[in-house]
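**Q** need a structure here:
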Amino acid sequence: MNNKVISPCISICKTEPITGYCYGCARTNDEKKIWKDEKTSNDWKKENLDLIKKRMTGWQLQTFNESYKNKIKEGISLYKKNNLPKKI
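**A** A predicted model of the protein is given here:
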């Protein structure tokens, strides 16, 4: 069984200049680096997911939750899914 915690990146990668948080996932650049480190524990990742969700409110939290849920289920964020070339 795979217990891997999926990255919270939802492909909206732009840092808000005052807080330093990503508009899409609310992580700092340091947190993004920690997520990519293969030695980072799932416990840290779960705690960080809780923390970043506390940084968000309103529409940002709602859209993050929807996109992250889709990423876990289908392996792709809603942003990427909605921007794939349409099949003719």
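**Q** report the longest helix in this structure, please.
**A** Identified as the longest helix of the chain according to DSSP state H is helix 58-74.
**Q** just the mean pLDDT for the helix or strand that that helix is followed by, thanks.
**A** The helix or strand immediately downstream of helix 58-74 is helix 78-82, counting by DSSP states H and E. Helix 78-82 shows a mean pLDDT of 87.
**Q** for helix 78-82, name the packing helices and strands.
**A** In terms of contacts (3 or more C-beta pairs under 8 Å, 6 or more residues apart in numbering; DSSP states H and E), helix 78-82 is packed against helix 58-74. Quick note: C-beta positions are derived from backbone N, CA and C, even for glycine.
**Q** buried residues, the helix it packs on. List them.
**A** Gln60, Thr63, Phe64, Ser67, Tyr68, Asn70, Lys71 (16 or more other C-beta atoms under 10 Å).
**Q** I'd say the last one and Gly24 touch.
**A** What it means is Lys71. No: using C-beta atoms under 8 Å, Lys71 is not in contact with Gly24; the gap is 11.1 Å.
**Q** tell me, what's touching the two both at once?
**A** Here Lys71 and Gly24 have Ile10 as joint contacts, going by C-beta atoms under 8 Å, 6 or more residues apart in numbering.
**Q** hey, C-alpha coordinates of the helix or strand of the chain with the lowest mean pLDDT in CSV?
**A** When each helix and strand of the chain is scored by mean pLDDT, DSSP states H and E, helix 78-82 comes last, with a mean of 87. C-alpha atoms of helix 78-82 as CSV (Å, rounded to 0.1, in the frame of the first residue of the first chain):
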residue,chain,number,x,y,z
LEU,A,78,-8.1,21.1,-11.9
TYR,A,79,-6.0,24.0,-13.4
LYS,A,80,-4.0,21.5,-15.5
LYS,A,81,-7.1,19.5,-16.3
ASN,A,82,-9.0,22.5,-17.5
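**Q** which residues are contacting that helix?
**A** Here helix 78-82 makes contact (C-beta under 8 Å, 6+ apart) with Ile10, Ser11, Ile12, Gly24, Thr63, Glu66, Ser67, Asn70, Lys71, Glu74.
**Q** could you list the low-pLDDT ranges of this protein?
**A** 1-2, 88 (pLDDT under 70).
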